[in-house]
Every structure is written in structure tokens, then in C-alpha cells.
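Chemist: I'll drop the sequence and a predicted model, then ask my questions.
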Amino acid sequence: MRKLLGILFFSILVLSCDNELNVTAEWKEVPVIYGLVDPSAQYNYIRINRAYLNESGDAIQYASISDSIQFQELTVKLVEHKNGVETNTINLEKVNGDTIGLPKDSGTFSNTPNILYRTAYNMKATDLYDTYRYDLVIINEITGRIYRSTAESVGSMFLVTPRLNRDNPTINISDENDRFIYINFQEGFKAAMYDLVVRFRYLEYEDSTPTVLKLDSIDWVVFSGAETHGLDGRGEQVITVKGEAFYQYLSSQLDGREGLNREAFDMDFYFYGSGEDLFTYIQVNKPSIGIVQKKPEFTNIENGLGIFSSRNINRFTHVGIAPQMKARLSVSPNTQHLNFVTP
């Protein structure tokens, strides 16, 4: 899930620059900041690094030195506002991502130490009655410089169909006779865009060891970049997807072989609602397909670079798979070679 559409911003990005670079210019502190306010998350994280021009050498060379891209003493806090009134100040703790299961990918920039700032504070989601805003304030305690940004919290969406929020919900996706999946939901407040990812879990076992079961899963991006009708939470999304697309995706991701059997287990549905600035950032950074390849920079960090925005993930987990769908998986022309069995 972390790799979806650039929504995770906990990696250092390579910044675009002009063709001419004065490597002997006076050093200037330029923070590169990425973070999201997410009411659905257990922890909220902010990544902060610095970029600069060094008087005595190539900036790329210094990017591989951890001391060159890390700030030594920062105060990082979020200031919560409810309907425009300040209600709380949340101080973030400094942690090493490698020790909490959030390793940083290797590359040009140093990946150790992998410094993050986090809080377990329960961020509030905007709803019909209350709008929540979070101001990010970063203070360099050595230089006294202050960097700021702000994000309005995204509210929760309401799913109409498929009806997954009832007790013991089940789903039946069929690839027969141009059958469709109908997805209908009420948009969340302050959401500018939605993605839907479905996680399909299945069991595997060998003919020789039928009691030794392995639980595995794959993620299917049903749709991405669906723009909302507005930020007021009044819009309604109606999206149709051919059921056959799911079966074709399974066929492209899984291999079948003799002696290996599979059984459909259950599914999770993840609706990602993105804030307005996050939506803009993703749009600006889409791959260029025209003659002009240079992209405009987008940042909402005062005195810095990067993006601070919001998202909200609505989860519908452990949705049962209907017997009709399990039977169809075993005989569909798209998936019959994958050896799905009907229990």
C-alpha cells in the first residue's frame, strides 16, 4: 500500500534545478519537508531533511553524508484548530525509522540515520459540524529559523454500494456477461481526490501437504485519481468497473502450476481520500507526455520545499467472498489455470 501514487512522502526526492549551478554560492539552509495529517492512522509522521549548496564541493557528494542532510536540533509541532479556534499543541518525537519498521530506500541520499518525527495523537477528521486544521511549525533551535505549513483535515467518506459496512458482509464479483462492480459513495469533507485499492487474500497449499496452508495477498488498484465534486462533502461518486477486470488482474499477477491449489479467503477495501494540496502535488508531478518536459515546482512549505497535506483512509476489512464468486474463480477462463478450488 505504501507505494500507491506517491501518497507516501517519507523519501527524499531529487529536486529539479537549472542547467547552471553555482556550487560556490554562500550556504543557505533549505529544508525539504514531507508529511500528512491522517486521522485514520495510529501514528502521523513528518520527514525533514535539508538541501544546500556547499562552498567547497558538489552538493550531490554531500547528499551521501548523513550530517549534511540532517538537522541537529529541531522542535517539530502541530497546532490544532477547531472551527478556526486553537485547541491543542502536539509536540512530535524524533525517531529512527529503521527501528520502527519504516526503512528508507537506498539511493543518492544518505539513508542512515533514518530520522522521522512522529506523534500518536488522535488527529480529528473534519465533519458536517466541525472543521479541523493543523498548522505545522518547525523551529531550528540552532539558527532560530522557522518553517510553517498548514493542512485541513480530510473527513470520512460514506459507502453506499457495495454494502460492506453491515454485519458479516460478503462480496460477489463475477466476470460473466459483462457484469459490473458498482461503487457509490458520499465524498468526505475537504477531500479532493479518491483512490480505491482492494486487497484479495487467498490460501495456498500443495497436494502433498493439504494441511499446510499459506495465507497470501495481492493488491488491486480499482481506480485512482478520481476527483471530487468539491471540498464541501456534498458530492457523490458513482464508478463502475467491469468484474472481468478483477479476474484479469489475478491472471496477470499469479502463476498456476500442477499440484498447487488456492482457495479465496477474504477481501479488504481501502478508500484513500486526499487533501487539496496533496492532490495538486500529485497532479504537478505526473509524468510529462508532451514536448515540454520541465515541470513547475509545487510546495506549500513556507521558507522551504516539500508538501504538508492531509488524507483519510476508510477501511472495510475482512469482507467475505460469496460462494458464487469462489465457484466462478475455479472455472473462469481468466483464472481456471490458477487452480482455485471450491471448498
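Modeler: Looks like it arrived, so ask away. Numbering: from 1, shown residues only.
Chemist: dump the residue contacts of residue 78.
Modeler: Counting by Cβ atoms under 8 Å, 6 or more residues apart in numbering, residue 78 touches 37, 44, 89, 90, 92, 119, 121, 134, 135, 136, 137. All C-beta atoms are positioned from the backbone trio N, CA, C, and that covers glycine.
Chemist: pretty sure residue 131 is touching residue 83, no?
Modeler: Yes: using Cβ atoms under 8 Å, residue 131 is in contact with residue 83, at 5.7 Å.
Chemist: between these two, which one's more packed in?
Modeler: A count of neighbours by other Cβ atoms under 10 Å puts residue 131 above the other of residue 131 and residue 83, at 17 against 11.
Chemist: tell me the contacts of the more buried one?
Modeler: Neighbouring residues of residue 131 by Cβ under 8 Å, 6+ apart: 82, 83, 84, 152, 153, 189, 190.
Chemist: can you check residue 204 too?
Modeler: 213, 214, 216, 260, 261, 262.
Chemist: can you rerun that using 7 Å?
Modeler: With Cβ atoms under 7 Å, 6 or more residues apart in numbering as the criterion, the residues that contact residue 204 are 214, 216, 260, 262.
Chemist: for it, list each beta-bridge partner.
Modeler: residue 214, residue 262 (DSSP bridges).
Chemist: nearest residue to residue 343 other than its sequence neighbours?
Modeler: Residue nearest to residue 343 in three dimensions, not counting chain neighbours: residue 263, with 6.0 Å by Cβ to Cβ, 6 or more residues apart in numbering.
Chemist: number of residues surrounding the one you found?
Modeler: By other Cβ under 10 Å, the residues close to residue 263 number 18.
Chemist: show me what contacts it?
Modeler: Residue 263 neighbours (Cβ under 7 Å, 6+ apart): 202, 203, 340, 341, 343.
Chemist: ok, the first one touching residue 265?
Modeler: The reference is to residue 202. Yes: with contact defined as Cβ atoms under 7 Å, residue 202 counts as touching residue 265 (5.3 Å).
Chemist: those two: which is more packed in?
Modeler: Applying other Cβ under 10 Å to residue 202 and residue 265 shows that residue 202 carries more neighbours, namely 21 against 17.
Chemist: what about stretch 132-149, start to end distance?
Modeler: 14 Å (Cα to Cα, to the nearest Å).
Chemist: which parts of the stretch 151-300 of the chain are helices?
Modeler: 243-253, 276-284 (DSSP state H, counting those that start in this stretch).
Chemist: by contact count, what packs against the last one?
Modeler: Read it as helix 276-284. If you count contacts as 3 or more Cβ pairs under 7 Å, 6 or more residues apart in numbering; DSSP states H and E, helix 276-284 packs onto strand 305-321.
Chemist: so after the strand it packs on, what's the next helix or strand?
Modeler: Per DSSP states H and E, the first helix or strand lying C-terminal to strand 305-321 is helix 323-331.
Chemist: how big is the angle separating that following helix from helix 243-253?
Modeler: 50 degrees (axes from the mean of the first three to the mean of the last three Cα atoms, to 10 degrees).
Chemist: could you pull up the mean pLDDT of helix 323-331?
Modeler: Taken as a whole, helix 323-331 has an average pLDDT of 96.
Chemist: same deal with stretch 31-47?
Modeler: In the prediction, stretch 31-47 has an average pLDDT of 96.
Chemist: next one: that stretch to chain centre, how far?
Modeler: 11 Å (Cα atoms, centre = their mean, to the nearest Å).
Chemist: show residues contacting it.
Modeler: With Cβ under 7 Å, 6+ apart, stretch 31-47 has contacts from 9-10, 12, 48-51, 76, 92, 116-120, 123-125, 134, 136, 138, 147, 151, 153, 278, 301, 304-313.
Chemist: can you get me the start-to-end distance on it?
Modeler: End-to-end span of stretch 31-47 (Cα to Cα): 10 Å.
Chemist: where exactly do the helices run in the stretch 1-150 of the chain?
Modeler: Ranges of helices within the stretch 1-150 of the chain are 59-63, 66-69, based on DSSP H, counting those that start in this stretch.
Chemist: so who does residue 268 touch?
Modeler: 199, 315, 316, 317, 318, 319.
Chemist: buried residues, stretch 125-132. List them.
Modeler: For stretch 125-132, the neighbour count (16 or more other Cβ atoms under 10 Å) marks 125, 126, 131, 132 as buried.
Chemist: so how far is it from its chain's centroid?
Modeler: The answer for stretch 125-132 is 22 Å, by Cα atoms, centre = their mean.
Chemist: try stretch 32-51
Modeler: Computed by Cα atoms, centre = their mean, the chain-centroid distance of stretch 32-51 equals 12 Å.
Chemist: what separates the first and last residues of it, distance-wise?
Modeler: Using Cα to Cα, first and last residues of stretch 32-51 are 7 Å apart.
Chemist: find the nearest non-adjacent residue to the residue of the chain most remote from its centre, please.
Modeler: Here the centre of the chain is the reference, and by Cα atoms, centre = their mean the most remote residue is residue 208, at 40.1 Å. Spatially, and ignoring its direct neighbours in sequence, residue 208 is nearest to residue 259 (7.1 Å; Cβ to Cβ, 6+ apart).
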